[in-house]
Structure formats: C-alpha cells, structure tokens
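Participant: Compute the structure for the input listed below.
(2 chains)
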Amino acid sequence: DSGVTQTPKHLITATGQRVTLRCSPRSGDLSVYWYQQSLDQGLQFLIQYYNGEERAKGNILERFSAQQFPDLHSELNLSSLELGDSALYFCASSARPGTEAFFGQGTRLTVV
Amino acid sequence: DQQVKQNSPSLSVQEGRISILNCDYTNSMFDYFLWYKKYPAEGPTFLISISSIKDKNEDGRFTVFLNKSAKHLSLHIVPSQPGDSAVYFCAASALITGNQFYFGTGTSLTVIP
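Facilitator: Purely as a prediction, here's the structure:
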C-alpha cells in the first residue's frame, strides 16, 4: 500500500459526459501528479501541483482540468469525454518536487 | 517528443541470472532518475533512484548505474527471481522544469523459473 488513495477504481461513462477523479496523497506529501496511461502506452504526464499551486503542466487537454485543495487532496476533471479518453489515470504524490513519487492504484476510465 | 526511452519492450531472463534493463534520455538537464516496477492492474511501485551527482546506487538486489556522458542509465537485478516479473519504467526529472517526472515506455521483464 503506497498510501495514495484514488477513487473510484473503475468508471464507465458515455461520450460527452463529465467525470471527476479524486486523489488523496500520502500523509505529509505536498506534491501531487496526474498521469494517463492508455493501452500499451507509457505514462503520460498531465499536471503537477505543489501545496495547492499548479507547478507544471504536461500534455493535458483543454477539456481536462485539475486542482489541489487546501487539505492537499486533488481532483482531475475530464469533460466532453471521447472514446480516446479511455485509459488508466494515475495519481502520485511526493513530499516535495524532485523526490520519489508514490502512485495510487489508478482509476480505470472507460468511455462508451 | 519522448525524452526518456526504453528501447527494449521486453526481456526474458532465467531465474538466478542477472537482469539488465536499459534507459536512455535526451535532456541534459535531468538531474534525478528513478526506476518503477508495475504489475498489471496496479500502480507503479518505486524501486530505486539516483541523483546526477552519483554514478551508482545500490539497494539489495537492485543497482542503478548512471552514465551522464552517454545519457544512459541501467537497472541491474541480481539474482533475478520469478517475482521480479513485471513492467519496469525508468523516469527522469529536472529541477529547472519543475521536477515533473518523464517516464519511458517500459520494459516487460519475465524471469523464467
């Protein structure tokens, strides 16, 4: 158990819909990262937060947004969903930027 | 643009022998490197890391080597065990880009009993 909690574990939704993925980081970790893993692909960095502030942005679509709340949990919002958004979405946390990150179990999103 | 590359999608090794997983990177600003292990339907698990000020870091059966001039790192697992069978990802980060982690595409290791 990495200490990073992601909910829900599985999500099935229709095209055009909007979903919210939630991440609770390890106790004490201030940095949160979101990654997308599509079938047979590597981990694509989406976005990083540190202590509530956006720190780095990767290949995150405009239809996607995220935030980190004062209690340090984070949410990833995916809207106007397309079939191609079906993937595993991972959240990771680290004590601070530049230290090893610990991953949650992921949320498997299926868009039908 | 893939800044971290793992050119071997798969590797098979006999139990007890050495497994060597390789990783190349293109960004000379990377200053911190990590290896993760991933089982199906689970999140990646941190294995070992190395800072750019070192060229070797060892933790039990796992050793990571860094060759900065060649922009290459490798993970050695000795001796390999069947439980090591998983997908291994290397990752790199740079302070200058906010320390986001760039991941390779992974190498699937199979340790044959």
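
Participant: Check which helices and strands the lowest-mean-pLDDT helix or strand in chain B sits against.
Facilitator: Scoring the helices and strands of chain B by mean pLDDT, DSSP states H and E places strand B:102-103 at the bottom, with a mean of 91. Counting by 3 or more CB pairs under 8 Å, 6 or more residues apart in numbering or on different chains; DSSP states H and E, the packing neighbours recorded for strand B:102-103 are strand A:44-50, strand B:86-93. For glycine as for every other residue, the C-beta is placed from the backbone atoms N, C-alpha and C.

Participant: ok, 6 Å please
Facilitator: For strand B:102-103, the elements it packs on are strand B:86-93, judged by 3 or more CB pairs under 6 Å, 6 or more residues apart in numbering or on different chains; DSSP states H and E.

Participant: what sits up against the strand it packs on?
Facilitator: The contact list for strand B:86-93 (CB atoms under 6 Å, 6 or more residues apart in numbering or on different chains) reads B:4, B:21, B:23, B:25, B:30, B:32-39, B:44, B:99, B:101-104, B:106-109.

Participant: before we move on, the earlier item: the least confident helix or strand of chain B pairs with which strands, and in what direction?
Facilitator: strand B:86-93 (antiparallel) (DSSP bridges).

Participant: Could I get the buried residue list for the strand it pairs with?
Facilitator: B:86-93 (16 or more other CB atoms under 10 Å in any protein chain shown).

Participant: With stretch A:73-82 instead?
Facilitator: A:73-76, A:78, A:81.

Participant: Stretch B:55-75 now?
Facilitator: B:57, B:62-66, B:71, B:73-75.

Participant: before we move on, what about stretch B:78-88?
Facilitator: B:80, B:84-88.

Participant: now the end-to-end length of that stretch.
Facilitator: 15 Å (CA to CA, to the nearest Å).

Participant: what about that stretch, distance to the chain center?
Facilitator: 12 Å (CA atoms, centre = their mean, to the nearest Å).

Participant: any low-confidence regions in chain A?
Facilitator: Chain A contains residues with pLDDT under 70 at A:40.

Participant: Residue numbers of it in contact with chain B?
Facilitator: A:42-43, A:45, A:48, A:55-56, A:90, A:97-98, A:100, A:103-106 (CB under 6 Å from any CB of the partner chain).

Participant: Perfect, that will be all.
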